[in-house]
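A.B. asks: Quick one, structure for this:
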Amino acid sequence: MGKTRTPYPAEFRAQMVELVKAGRTPQELAREFEPTAQTITNWVAQADRDAGVRHDGLTTAERQELTRLRRENRQLKMERDILSHRRPGSRGRREPCHRRVRIHESEPGPLAHSHDGAAARGLDERLLRVADTRAIAACWQ
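C.D. replies: Numbering: from 1, shown residues only. Sure thing, here's the model as predicted:
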């Protein structure tokens with residue numbers, strides 16, 4: 001991995017852009033200051049996009065909105081998967097539950113019902129005792 005550093009302050013970037021627009025080359029500024037010539041060139045191009053001079057990319061505001069929307073979209077997909085009892089990354093398919101879950105009455109006794117995992121989710125846990133808790137857990141994962 002490459003080295004990471006804290007971003008340059010906005011005022012510093014603006015000063016570099018102004019110096020380039022005043023006639024200095026990015027290479028001169030790179031020798032005099034820390035950022036590379038390519039970094040300074042990128043700052044000038046982004047400043048032109050923000051000013052409406054260039055139309056070959058996203059403005060800073062559009063880029064920030066895109067980042068925010070992508071983050072929000074990721075969060076909503078995760079919440080949807082949780083609410084629909086899906087595994088994250090299962091591409092919208094519910095995981096099938098092939099095991100039968102035996103459920104007994106709350107007191108030891110004869111078998112009361114036999115349900116699949118999906119039907120067993122709605123049953124009141126205080127009244128019923130699940131014979132094999134691993135079977136229910138397998139259905140919910």
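A.B. asks: May I have the longest helix anywhere in the chain as CSV, with CA atoms only?
C.D. replies: In the chain, taking DSSP state H as the definition, the longest helix is helix 60-83. The C-alpha trace of helix 60-83 is given here as CSV (Å, rounded to 0.1, in the frame of the first residue of the first chain):
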residue,chain,number,x,y,z
THR,A,60,-16.8,18.7,-6.2
ALA,A,61,-20.4,19.1,-5.1
GLU,A,62,-21.6,16.3,-7.4
ARG,A,63,-18.8,14.0,-6.2
GLN,A,64,-19.7,14.6,-2.6
GLU,A,65,-23.4,13.9,-3.3
LEU,A,66,-22.4,10.7,-5.2
THR,A,67,-20.3,9.5,-2.2
ARG,A,68,-23.2,10.3,0.2
LEU,A,69,-25.8,8.5,-2.0
ARG,A,70,-23.5,5.4,-2.4
ARG,A,71,-23.1,5.3,1.4
GLU,A,72,-26.8,5.6,1.9
ASN,A,73,-27.6,3.0,-0.7
ARG,A,74,-25.2,0.5,1.0
GLN,A,75,-26.9,1.2,4.4
LEU,A,76,-30.4,0.7,2.9
LYS,A,77,-29.4,-2.5,1.2
MET,A,78,-28.0,-3.8,4.5
GLU,A,79,-31.1,-2.9,6.4
ARG,A,80,-33.3,-4.5,3.7
ASP,A,81,-31.3,-7.7,4.0
ILE,A,82,-31.6,-7.7,7.7
LEU,A,83,-35.3,-7.1,7.7
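A.B. asks: Return the set of buried residues in that helix.
C.D. replies: Counting neighbours by 16 or more other Cβ atoms under 10 Å, one finds that helix 60-83 has no buried residues. (C-beta placed from N, C-alpha, C; glycine too.)
A.B. asks: what residues does stretch 31-42 touch?
C.D. replies: With Cβ atoms under 8 Å, 6 or more residues apart in numbering as the test, stretch 31-42 has contacts from 8, 16-17, 20, 25-27, 29-30, 43.
A.B. asks: Quick one: mean pLDDT over the helix or strand encompassing residue 47.
C.D. replies: Assigned by DSSP states H and E, residue 47 belongs to helix 37-51. Averaged across helix 37-51, the pLDDT comes to 97.
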